[in-house]
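Asker: With the input below, show me the fold.
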Amino acid sequence: MQLRSIQRLELPPTADMHVHLRQAELMDLVAPTVLRGGVDTVFVMPNLVPPLTTVKQVLEYQSQLRAVIPDVHCLMSLFLHPSVTPEVIAEAAAVGITGVKLYPQGVTTNSESGVSDLESFYATFAAMERHGLVLNLHGEVLESLAPADTTLEEAFLPTLQRLHERFPQLRIVLEHCTTAAAVEAVRACGPTVGATITAHHLYLTSHEACCDPLAFCKPIPKKPTDRDALVRAVTSGDAKFFFGSDSAPHPLQSKTSAAPGKAPAGVFTQPFATQLVLLALEEAIERGVVTEADVTQEKLEGFLSRFARRFYKLPEPEGSGKRIVLERNGDKIPTSVRSQDGNLEVGISRPEAEVFSLRWADAA
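Answerer: Here you go, the predicted structure:
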């Protein structure tokens, strides 16, 4: 495959294992863009207001999403909180909830109710291990807890190792990897540990994130060498690494009117999720990080679709009866998505970048 020159590409539907679909009017605006990005399966984050700490709340939210995006398979999660006891885990497993998201307290959007004492949840983790739920980690520490010259993610990596050693059969996902050290830490763990990599961490660095409010997110993008390590992980064919966009919409006004460094954290990529991964890989080839030969059909299908489904014990993508067709038609990413009444607008990452067009087709 010569990615930079290929005119048409056909892939199985993408599985996006880390999405923020928000609530109310914002949910109504952004949730339908999932299909536009070539995605038929999403793992939905629970950091709403209030956070989803009960099975009832999760099921109510899932019902709301189904009403808006009935053709998307929404995998649901609980927000780890003291009220999420082993009994709640058993209840969650019985109704098909997929995972539990661990947010260290105060590290990102709507994480004020997050975890401050990990050991107090060991009984809950043991119950998750028994019932087959996935533990999804926002892998950062508070800035005050990170040693000097250490990123917040790198300071968290020993915690990942300890959790895996104590609960070796517990499936754990280190969400939105941003560093070369994180890639190596995941590889050092057994087969029950995987990681998501976003589209935007494949093309952003700390330079863009600090200067452009639409590129500001948590975890913050890191050095070019870290970005390139993520690209190599994506093109390695290693099934431990799979796609999770961490697409995180915020009203455009809140992004652009904030003081420098004070914009809400989140990059919105959902309408072009698959295309932005391909764009990032094209740019990495141009930089010489990987070669055309490194980007194969098999590796793209693995990272974007197959590896995640296998880790989460989902059916192979052929079962959907659908494919996505990407073609070079000169399409460019628009500036934003906007509600019909024009009162709500969300800026999209990489506006004006030329990307593949995408359409859905029945599998042959």
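
Asker: and the nearest residue to residue 235 once chain neighbours are set aside, how many neighbours?
Answerer: Distances taken as CB to CB, 6 or more residues apart in numbering place residue 294 nearest to residue 235, at 4.5 Å, with adjacent residues excluded. Any C-beta I mention is one placed from the backbone N, CA and C, and that applies to glycine too. Residue 294 has 19 neighbours, counted by other CB atoms under 10 Å.

Asker: Quick check on residue 294: phi, psi?
Answerer: Main-chain torsions, residue 294, degrees, to the nearest 10: phi -70, psi -20.

Asker: Then residue 13?
Answerer: phi -60, psi 140.

Asker: Contacts only, for it.
Answerer: Applying CB atoms under 8 Å, 6 or more residues apart in numbering to residue 13 gives the contacts 38-41, 305, 317, 320, 322-324.

Asker: got the CA coordinates for stretch 273-280 in PDB?
Answerer: The C-alpha coordinates for stretch 273-280 follow below in PDB (Å, rounded to 0.1, in the frame of the first residue of the first chain):
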ATOM      1  CA  ALA A 273     -11.900  10.300  13.300                       C
ATOM      2  CA  THR A 274     -10.700   7.700  10.800                       C
ATOM      3  CA  GLN A 275      -9.600  10.300   8.200                       C
ATOM      4  CA  LEU A 276      -7.400  12.100  10.800                       C
ATOM      5  CA  VAL A 277      -5.600   8.900  11.700                       C
ATOM      6  CA  LEU A 278      -4.800   8.400   8.000                       C
ATOM      7  CA  LEU A 279      -3.700  12.100   7.700                       C
ATOM      8  CA  ALA A 280      -1.400  11.700  10.600                       C
END
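
Asker: Just the mean pLDDT for that stretch, thanks.
Answerer: Regarding stretch 273-280, the rounded mean pLDDT is 98.

Asker: What of stretch 102-111?
Answerer: Stretch 102-111 comes out at a mean pLDDT of 76.

Asker: mind putting the contacts of residue 13 in TSV, secondary structure included?
Answerer: Shown next, in TSV, are the contacts of residue 13 (DSSP: H, G, I helix; E, B strand; the rest coil):
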residue	secondary structure
38	coil
39	strand
40	strand
41	strand
305	helix
317	helix
320	helix
322	strand
323	strand
324	strand
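
Asker: Quick check: the farthest pair among those?
Answerer: 41 and 323 (14.2 Å; CB to CB).

Asker: can you give me how far the helix or strand of the chain with the lowest mean pLDDT is from the chain middle?
Answerer: Between all helices and strands in the chain, the lowest mean by mean pLDDT, DSSP states H and E belongs to helix 206-211, at a mean of 90. A distance of 20 Å separates the C-alpha centroid of helix 206-211 from that of its chain, computed with CA atoms, centre = their mean, to the nearest Å.

Asker: quick one: buried residues of it?
Answerer: Residues 206, 209 are the ones in helix 206-211 that count as buried (16 or more other CB atoms under 10 Å).

Asker: which residues does residue 186 contact?
Answerer: Applying CB under 8 Å, 6+ apart, the residues near residue 186 are 160, 174, 177, 193-195, 240-241.

Asker: Now it: closest residue in space, sequence neighbours ignored.
Answerer: Distances taken as CB to CB, 6+ apart put residue 195 closest to residue 186, at 4.5 Å, once the chain neighbours are dropped.

Asker: again, but for residue 129
Answerer: That would be residue 170: by CB to CB, 6+ apart, it lies 4.1 Å from residue 129.

Asker: Could you give the bridge partners of the closest residue to residue 304 other than its chain neighbours?
Answerer: Nearest residue to residue 304 in three dimensions, chain neighbours excluded: residue 14, at 4.6 Å (CB to CB, 6+ apart). Here residue 14 sits in beta bridges with residue 39, as judged by DSSP bridges.
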